[in-house]
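Novice: sequence and predicted structure are below.
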Amino acid sequence: MRRLLLLLPLLAFLAIAVFLYRGLFLDPSELPSALIGKPFPAFSLPALDDPERTLSADDLKGRPALVNVWATWCPACRHEHPVLNKLAEAGVVIHGINYKDQREPAQKWLRDLHNPYQLNIEDAKGSLGLDLGVYGAPETFFVDAKGIIRHKYVGAIDERIWREKLAPIYRELVDEAQAP
C-alpha cells in the first residue's frame, strides 16, 4: 500500500505530461466550435455603415460567404485586411462583424483601407460574438447558402492559408450552392 502511495505522484505527473505533450501538436487555428453544422445564430443588430438599417441572420442567406470578425483594435485584423480586399475583388463574398469596437473608428478604417465586406454588422457589445463563441479577432466563419456554419478559422488569413487551406472549403460551398 505504501508503494502505491509513493507511485501516485509519479503517475499523476506522467498523465499531465502526456496531456501537455499532445497539445504541442494541435493547430491553434482549429479551435472546435459547437456551431459547425448549425444555423448562424439569430441576431438583430445595426449595419455599421447605416445604423438605421437592422441586419439579421436572414441577410446572410442566399450565397456562401465568409463571415469575418474584425476590429480596429486588433493588430492581426490590420495584417489580414489587404488579403480580404483581394479576395473580395476576386468575387469571394465576405460579410463583417465589427466586434466590440466603436462605429466612427471602424468606418474610418474602412474608408482608409477599403471595404471588402458586402454587409458589416455592428456588434459593439459583443453579443453576437458571444453567441458565436468568439475568442477574439480575427475569426472567420464559412457559411453556406442556407445560413449553416460549415467551418471556423481562428487567426489572420494570409494568402498561403487561403490558397492551401481555406479556398478549397469556400469552393466546395460555392459548388454545392450551384449544384442542381
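Specialist: Cool, got the structure. Numbers count the residues shown, from 1 in each chain.

Novice: any buried residues in stretch 165-172, and which?
Specialist: Across stretch 165-172, burial judged by 16 or more other CB atoms under 10 Å covers Leu166, Ile169, Tyr170. Using the backbone N, CA and C atoms, a C-beta is placed for each residue, glycine as well.

Novice: counting only strands, which of those residues make the cut?
Specialist: Nothing among the buried residues of stretch 165-172 maps onto strands, per DSSP state E.

Novice: in the protein, which residue is closest to the centre?
Specialist: Thr140 (2.2 Å; CA atoms, centre = their mean).

Novice: confidence score at Glu80?
Specialist: For Glu80, the pLDDT comes out at 98.

Novice: mind listing what it touches?
Specialist: By CB atoms under 8 Å, 6 or more residues apart in numbering, Glu80 lies in contact with Asn68, Trp70, Pro138, Ala156, Ile157, Asp158.

Novice: which residues touch the residue nearest to the centre of the chain?
Specialist: Applying CB under 8 Å, 6+ apart to Thr140 gives the contacts Leu66, Val67, Asn68, Val69, Lys152, Tyr153, Ile157, Leu166.

Novice: which of the residues you listed lies closest to Trp109?
Specialist: Asn68 (13.1 Å; CB to CB).

Novice: just the element for the closest one, please.
Specialist: Per DSSP states H and E: Asn68 is located in strand 65-70.

Novice: what's in contact with that strand?
Specialist: Taking CB under 8 Å, 6+ apart as the rule, strand 65-70 contacts 40, 60, 77, 80-81, 84, 87, 92-99, 117-118, 129, 132, 134, 137-143, 170.

Novice: now tell me which helix or strand of this protein has the poorest mean pLDDT.
Specialist: Of all the helices and strands that make up the chain, helix 2-23 has the lowest average by mean pLDDT, DSSP states H and E, namely a mean of 60.

Novice: what lines up beside the strand holding Asn68 in the sheet?
Specialist: strand 94-99 (parallel), strand 139-143 (antiparallel) (DSSP bridges).

Novice: and the closest residue to Ile36 other than its chain neighbours, what are its bridge partners?
Specialist: Spatially, and ignoring its direct neighbours in sequence, Ile36 is nearest to Ile149 (5.8 Å; CB to CB, 6 or more residues apart in numbering). Note on Ile149: beta-bridge partners Val143, judged by DSSP bridges.

Novice: so what's Ile149 up against?
Specialist: Ser33, Leu35, Ile36, Gly37, Lys38, Pro39, Phe40, Phe141, Phe142, Val143.

Novice: show me the contacts for Lys125.
Specialist: Contacts of Lys125 by CB under 8 Å, 6+ apart are Lys100.

Novice: state the distance from Ala57 to Ile148.
Specialist: Distance from Ala57 to Ile148, counting by CB to CB, to the nearest Å: 11 Å.
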